[in-house]
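# Generate coordinates for the sequence data below:
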Amino acid sequence: MVFDTYTPSQLLDEQIEDTREIAETIIIDELEEGPIREDFENAFTSAVELTRASTSNSSVGQSLYSNIKQIVGASIRQQGFYDKLEFKPDRHSDNLVNLVRWFRLYASVYLEEQIEFEEEFALGSFKKYRDDQEHAGEEGPPVSPGQPDPVLTSMLNLIWKVLEQILEVWLRILEIGDFTQFMKGGELLGEEDHEVGFIDVIYDDRMEGKITTYSEAELGYRTKFKAPLAFFPSEGDIVKVRPAEKPSSDPAEDVELYAP
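You can find the predicted model right below:
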């Protein structure tokens, strides 16, 4: 059997084009004229250009990270919960990993399913790469500008795949419309018998951790949990939480994976 063979750039071009088709549908069919649409379109265009430039130039990694963050942030701003990410007035916890967890939390409740992105693990590596580049120190970045960085190029297909998945989910939300958002508001805000959130951190002993809930948001406290749970938790899991009577000090009474 003869298999088609592709260079990495060809595979990446195909992935970018698949993602572009979804982005264009969102821009043309779903978003109204205004700052969010303009920011999303500009960030997407820049992300494509920077991705292609990165295959021969290592100096664009930080800018590419910012563009991908702006793309995901546009979906959160458009759905109206960007202020939930505030940890201080006018300051947001909006690193890429955190943005995607918030988006999955919202989308899971909105679409009534556990939203997962298979390649999401690559975003943590992308953030670390960006942080390392920003704090390279006196020795400078490991690869000279003007040369491709194999660490970045190895991540690009995965980054664009997860971006495609995010835009697919955002398009589904946009096509459903505002009524569902209104109907789901009560569950998001903890007005039922549970809160919804994501596992923010698991401590090294894996016996306890903290959950960021939608209703309390970044500005409030994070809900504590302790083992044992009915499932093996991972950071980023979307969960239902039944808080303790004194949630500011006591661990949650029950934590389970989100299942509508």
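
# hey, where'd the strands end up in the stretch 51-200 of the chain?
With strands called from DSSP state E, counting those that start in this stretch, the stretch 51-200 of the chain shows them at 86-88, 91-92, 195-202.

# Parallel or antiparallel, list what pairs with the shortest one.
In its sheet, strand 91-92 lies beside strand 86-88 (antiparallel), with partners assigned from DSSP bridges.

# other SSEs contacting the longest helix belonging to the chain?
Assignment by DSSP state H gives helix 150-176 as the longest helix of the chain. Applying 3 or more Cβ pairs under 8 Å, 6 or more residues apart in numbering; DSSP states H and E, one finds that helix 150-176 contacts helix 8-25, helix 35-54, helix 61-79, helix 96-111, helix 121-134. Just so you know, the C-beta spots here come from the backbone N, C-alpha and C atoms, and that holds for glycine as well.

# Those: which one's closest to residue 242?
helix 96-111 (15.9 Å; Cβ to Cβ).

# now that closest one and helix 121-134, what's the angle there?
In terms of direction (axes from the mean of the first three to the mean of the last three Cα atoms, to 10 degrees), helix 96-111 departs from helix 121-134 by 150 degrees.

# With only the CA atoms kept, save helix 96-111 in PDB.
Output in PDB follows, covering the C-alpha atoms of helix 96-111 (Å, rounded to 0.1, in the frame of the first residue of the first chain):
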ATOM      1  CA  LEU A  96      -3.500  30.400  28.200                       C
ATOM      2  CA  VAL A  97      -4.000  27.300  30.300                       C
ATOM      3  CA  ASN A  98      -6.400  29.200  32.700                       C
ATOM      4  CA  LEU A  99      -8.400  30.700  29.800                       C
ATOM      5  CA  VAL A 100      -9.000  27.300  28.200                       C
ATOM      6  CA  ARG A 101     -10.100  25.800  31.500                       C
ATOM      7  CA  TRP A 102     -12.600  28.600  32.000                       C
ATOM      8  CA  PHE A 103     -13.800  28.100  28.500                       C
ATOM      9  CA  ARG A 104     -14.300  24.400  29.000                       C
ATOM     10  CA  LEU A 105     -16.200  25.000  32.200                       C
ATOM     11  CA  TYR A 106     -18.600  27.400  30.600                       C
ATOM     12  CA  ALA A 107     -19.000  25.200  27.500                       C
ATOM     13  CA  SER A 108     -19.600  22.000  29.500                       C
ATOM     14  CA  VAL A 109     -22.500  23.600  31.300                       C
ATOM     15  CA  TYR A 110     -23.800  25.400  28.200                       C
ATOM     16  CA  LEU A 111     -23.700  22.400  26.000                       C
END
